[in-house]
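J.: Test case, fold it:
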Amino acid sequence: MNKLLILLFLFSSGSVTGWVIELFFRRYLDPVESKKKKWVNPGFFVGPYLPIYGSGLIVLYLLGHISFPSIGTQHPILEKLLIFFIMAACMTLLEFITGMIFINHLHLQLWDYSSYWGNIKGVICPLFSCFWYALAAFYYLVLHPRVLGALDWLSRNLVFSFFIGFFYGVFVLDIIYSFQLMVKIKKLADEYQIVVKYNAYKNKLIDIREEAKERSYFFFSSRLSSISPREVFERYRENFSAREMVMKPINKVRDAVDKVRR
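T.: You can find the predicted model right below:
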């Protein structure tokens, strides 16, 4: 079976499955989001997929083939625990790299762990690393054999690749649309010198829309119903801006240069 087709299948399956997991986790289990009692799209994209989970499934699939014969022959349980640890560490690293790329280059914080103990830059934290460990164990013990079976079935029914192609056709269109929105948010983030907490920004937009619906019962609609992104930043940026300023390091350098000149 074509290796590229395998990776495409794993990425699409992981992205959709991860979106479903996040949807229910944030609705019922997340200590912060569950209090709002709202169904909210957990992803940046319009469609039901989270690419980080798709990338994560590929990582887990590749790591699912590793073994430590020197340990496994005498201590098979210890070998599995070590494999789970490596998987969880790689998933945490993937989460950290992805999060920092968005923060440093696009000034977007797609998720926020700053309220959790031991977090690093609000991007990773021990609690979610433990979740990754549990997910890695579940994948290795339960899902990995089924993934191998699904890939075997796919190799004998390549017609299914049409649906994979359809998925990526929609996905590419979603990327184009979503990144246009991302560029607009980044432009405003640069202007106001902030890092935007995207989930908080999205929740604020939802609150504004709900307020507009409540006011729509009057003879004329609310001004909030047509509020522009710039107005949202001007009025509510304290609700979704990270404390760390994007330009802070640059300002420090400028201050140091000014002191030297004086």
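J.: Could you look up the SS state of residue 17?
T.: helix (DSSP: H, G, I helix; E, B strand; the rest coil).
J.: correct me, but it touches residue 49?
T.: No. Contact between residue 17 and residue 49 fails when scored by C-beta atoms under 8 Å: they sit 9.1 Å apart. The way it works is simple: take the backbone N, C-alpha and C, and place the C-beta from them, glycine included.
J.: If you count surrounding residues, which of those two has more?
T.: residue 49 (24 against 17; other C-beta atoms under 10 Å).
J.: For the more buried one, give its distance to residue 23.
T.: With distances taken as C-beta to C-beta, to the nearest Å, residue 49 is found 11 Å from residue 23.
J.: Kindly report the same for residue 179.
T.: Applying C-beta to C-beta to residue 179 and residue 23 gives a distance of 22 Å.
J.: Check residue 206 too.
T.: On the measure of C-beta to C-beta, residue 206 and residue 23 end up 15 Å apart.
J.: just residue 162 next, same as before
T.: In terms of C-beta to C-beta, residue 162 sits 27 Å off from residue 23.
J.: Poorly predicted segments of the stretch 1-150 of the chain, please.
T.: Along the stretch 1-150 of the chain, the model assigns pLDDT under 70 to residues 1.
J.: now the strands for it?
T.: 108-109 (DSSP state E, counting those that start in this stretch).
J.: can you pull out the helices in it?
T.: Per DSSP state H, counting those that start in this stretch, the stretch 1-150 of the chain carries helices over the ranges 3-24, 51-63, 69-72, 76-101, 126-138, 144-156.
J.: So which of those is nearest residue 196?
T.: Smallest distance to residue 196 across these (C-beta to C-beta): 13.2 Å, for helix 76-101.
J.: Any buried residues in that closest one, and which?
T.: For helix 76-101, the buried set under the neighbour-count rule, 16 or more other C-beta atoms under 10 Å, comprises 79-80, 83-84, 87-88, 90-92, 94-95, 98-99.
J.: now it against helix 126-138, angle please.
T.: 130 degrees (axes from the mean of the first three to the mean of the last three C-alpha atoms, to 10 degrees).
J.: how far off helix 51-63 does helix 76-101 point, in degrees?
T.: Put simply, helix 76-101 runs at 150 degrees to helix 51-63, going by the same axes, to 10 degrees.
J.: Show me what helix 76-101 is packed up against.
T.: helix 51-63, helix 69-72, helix 126-138 (3 or more C-beta pairs under 8 Å, 6 or more residues apart in numbering; DSSP states H and E).
J.: returning to what we had before: what's the most buried one of the helices of the stretch 1-150 of the chain?
T.: The highest mean neighbour count among these, using mean count of other C-beta atoms under 10 Å, belongs to helix 51-63: a mean of 21.
J.: Between helix 3-24 and it, find me the angle.
T.: Using the same axes, to 10 degrees, helix 51-63 lies at 130 degrees relative to helix 3-24.
J.: what sits up against helix 51-63?
T.: Defining contact as C-beta atoms under 8 Å, 6 or more residues apart in numbering, one finds that helix 51-63 is touched by 7, 10-15, 17-19, 21-22, 45, 83, 86-87, 90-91, 94-95, 98, 136, 139-140, 144, 147.
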